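Trainee: sequence and predicted model, in that order:
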Amino acid sequence: MQLKTPIIPVKQTFAKVHAEHELHLEAICVFAAIGFFLDQDTYWKDEVVLKPASINIIDEKNKLLETKPWFEWHYTPRDITFKQTLDEFSELFETIIKEQTAGKKVILPLSGGLDSRTQAVALKRIEAEVFSYSYQFENGYEETKIAKQIAETCSFDFKPFTISNGYLWETLDTLSELNECYSDFTSPRQMGIYDAFDTMGNHFSLGHWGDVLFDSMKLPQLSKEEELEVIQQKLIKKGGMTLATKLWETWGLEGEFKSYFKARIENLLNDIKIDDTNAKLRAFKSLYWAPRWTSINLSIFSAKHPVSLPYYDNRMCEFICAIPENYLEGRQLQIAYIKKRAPKLAKITWQEQIPFNLTNYKWNKTPYNMPYKIGNKLKRIANQTKGKKHVLRNWELQFLGENNQIQLDNTFEKLNTDNFLPKSFIEDVLQGFKGSPSSETAHAINMLLAILYKLK
């Protein structure tokens, strides 16, 4: 059997290889460090995930016999003006959206950013039937306000949601089955409204990966050593190196985790034949980050309705490879597209540049943004005096507070397996978080939850 994978796969496709059926402990350490499995790694040594943009020969026992690429990321910028680029993008994007959503009742998640707003413009132009929604954290930033304005301007049906404190514990079993424990459990906020998807429509149009394809990392041209350092810094989660190193040492693996990880990343970077630093690192993220992190929790959507992703489309990836890098910096193409096609949407607040919008965001600097900053700080202080802690991150909603602490203790007690990790190891991680709740200690909780759930 022959299987051809997309440039950015929507889901993982597993195959068997010749190896012992045992835990791939080195791969699990990488997972603990960066939050996703690297390249073709899985939990098991005799199982792999098919590479993106590859043609694979698989036998009747699902064993991988041969694999070869059909597409390789490149940077071949054309001699083209920005206006020509914008015209090409506009036509391509609207063509993809139209093909993906024709005859369907589209469900559009809206945020205060640019990717879903760009989709909204295209869906409005092709007169699609759209149900839109947005969500925000309980006691978090009121993101749904911006989304509601976008929906109203486009005349879309719209519903706001609030992701409640501690929703995770009631959905953990379902979520672990959907993402197969290849991601942490607090990142996919959509799980908090999972049942509401049933009556919204019959097809998701999702805006994932637009922010990577249509922006630059704004880096100067770097040496290979500098590129390696930069990508490692971007990959490693806060607290990730500490957790991975402890696991490595607990399992008595050969050498040091840091050296192993560096060598893996260096080999993967060297395989990308692109000289331009920004284009090369975008290719790296699209090869490894998108399919092994971003795509994992798309399973939550696809369990309810079919999904399509315009930015994942093969034609969009090929288009990006031929665009001059300076046209991508600062989200220029998306901003120009929205301003040209839907000027009213351009005047709605851009969440990344609050309180400014797409027409005046360049004024988001001192002293022009000081009134907003002062007012926002005073509002947070007022909420804190009322006992309302401002929620910024997913883990705060799920791990902080007395009830969440009880749920954490009970969950880890059920998952504890001495033959995999000593009970003392898990207790140290729990006590580390309880003694000092932070992004670093919460990351360790997140990763151990996923790992232990997979192996329970």
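Mentor: Structure received.

Trainee: residues near Thr199, how many?
Mentor: Counted with other Cβ atoms under 10 Å, residues neighbouring Thr199 total 7. For every residue, glycine as well, the C-beta is placed using N, CA and C.

Trainee: next one: it from Phe71, what distance?
Mentor: From Thr199 across to Phe71, the span is 38 Å (Cβ to Cβ, to the nearest Å).

Trainee: ok, the longest strand that the chain contains: who's next to it in the sheet?
Mentor: Longest strand in the chain, counting residues (DSSP state E): strand 129-137. Paired with strand 129-137 in the same sheet, following DSSP bridges, are strand 105-109 (parallel), strand 157-163 (parallel).

Trainee: quick check: mean pLDDT across it?
Mentor: Taken as a whole, strand 129-137 carries a mean pLDDT of 94.

Trainee: got the angle for whichever helix or strand comes after that strand vs strand 157-163?
Mentor: Where DSSP states H and E defines the elements, the next helix or strand beyond strand 129-137 is helix 144-154. Interaxial angle of helix 144-154 relative to strand 157-163 (axes from the mean of the first three to the mean of the last three Cα atoms, to 10 degrees): 170 degrees.

Trainee: and helix 144-154, what's buried?
Mentor: Applying a neighbour-count criterion of 16 or more other Cβ atoms under 10 Å, one finds Thr144, Ile146, Ala147, Lys148, Gln149, Ile150, Ala151, Thr153, Cys154 buried in helix 144-154.

Trainee: grab the nearest non-local neighbour of the fifth one.
Mentor: By that I understand Gln149. Using Cβ to Cβ, 6 or more residues apart in numbering and skipping residues adjacent in sequence, the residue nearest Gln149 is Ile348, 4.8 Å away.

Trainee: burial count for that neighbour?
Mentor: When neighbours are counted by other Cβ under 10 Å, Ile348 comes out with 22.

Trainee: what residues does the residue sitting nearest the centre point of the chain make contact with?
Mentor: Nearest to the mean C-alpha position of the chain, counting by Cα atoms, centre = their mean, stands Thr294 at 3.7 Å. Applying Cβ atoms under 8 Å, 6 or more residues apart in numbering, we find Thr294 in contact with His208, Trp209.

Trainee: correct me if wrong: Trp248 contacts Cys29.
Mentor: Yes. With contact defined as Cβ atoms under 8 Å, Trp248 counts as touching Cys29 (5.1 Å).

Trainee: so what sits against both of those two?
Mentor: Common neighbours of Trp248 and Cys29, using Cβ under 8 Å, 6+ apart, are Phe257, Tyr260.

Trainee: quick check: Lys273 vs His74, distance?
Mentor: 7 Å.

Trainee: in terms of neighbours, single out the busier of the two.
Mentor: Comparing Lys273 with His74 by other Cβ under 10 Å, the one with more neighbours is His74, at 14 against 11.

Trainee: all strands of the stretch 351-456 of the chain, in order?
Mentor: Counting by DSSP state E, counting those that start in this stretch, one finds no strands in the stretch 351-456 of the chain.

Trainee: where does it have low pLDDT?
Mentor: Applying pLDDT under 70 to the stretch 351-456 of the chain picks out residues 380-390, 416-417.

Trainee: quick one: the longest strand of the chain to chain centroid distance?
Mentor: 18 Å (Cα atoms, centre = their mean, to the nearest Å).

Trainee: now do the buried residues in that strand.
Mentor: By neighbour count with 16+ other Cβ under 10 Å, strand 129-137 contains the buried residues Val130, Phe131, Ser132, Tyr133, Ser134, Tyr135, Gln136, Phe137.

Trainee: how about the second one: which residues does it bridge to?
Mentor: Legend: beta-bridge partners of Phe131 under DSSP bridges are Ile107, Asp157.

Trainee: wait, doesn't it sit right on Met200?
Mentor: Yes. If you go by Cβ under 8 Å, Phe131 and Met200 touch, sitting 4.7 Å apart.

Trainee: please enumerate the shared neighbours of the two.
Mentor: The contact lists of Phe131 and Met200 share Ile107, Lys159, where a contact means Cβ under 8 Å, 6+ apart.

Trainee: rewinding a little: as PDB, could you dump the C-alpha coordinates of the longest strand of the chain?
Mentor: Extracted as PDB, the C-alpha positions of strand 129-137 are listed here (Å, rounded to 0.1, in the frame of the first residue of the first chain):
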ATOM      1  CA  GLU A 129     -23.200  30.200   5.800                       C
ATOM      2  CA  VAL A 130     -21.100  30.800   9.000                       C
ATOM      3  CA  PHE A 131     -21.600  30.100  12.700                       C
ATOM      4  CA  SER A 132     -18.800  31.700  14.700                       C
ATOM      5  CA  TYR A 133     -17.800  31.500  18.300                       C
ATOM      6  CA  SER A 134     -15.100  32.500  20.700                       C
ATOM      7  CA  TYR A 135     -14.000  31.800  24.200                       C
ATOM      8  CA  GLN A 136     -12.200  33.300  27.000                       C
ATOM      9  CA  PHE A 137     -10.900  32.200  30.400                       C
END
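
Trainee: want to throw the buried residues of helix 144-154 into a markdown table with distance to Asp215?
Mentor: Formatted as a markdown table, the buried residues of helix 144-154 follow (distance: Cβ to Cβ, whole Å):
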| residue | distance to Asp215 |
| --- | --- |
| Thr144 | 24 |
| Ile146 | 19 |
| Ala147 | 21 |
| Lys148 | 25 |
| Gln149 | 23 |
| Ile150 | 20 |
| Ala151 | 24 |
| Thr153 | 24 |
| Cys154 | 24 |
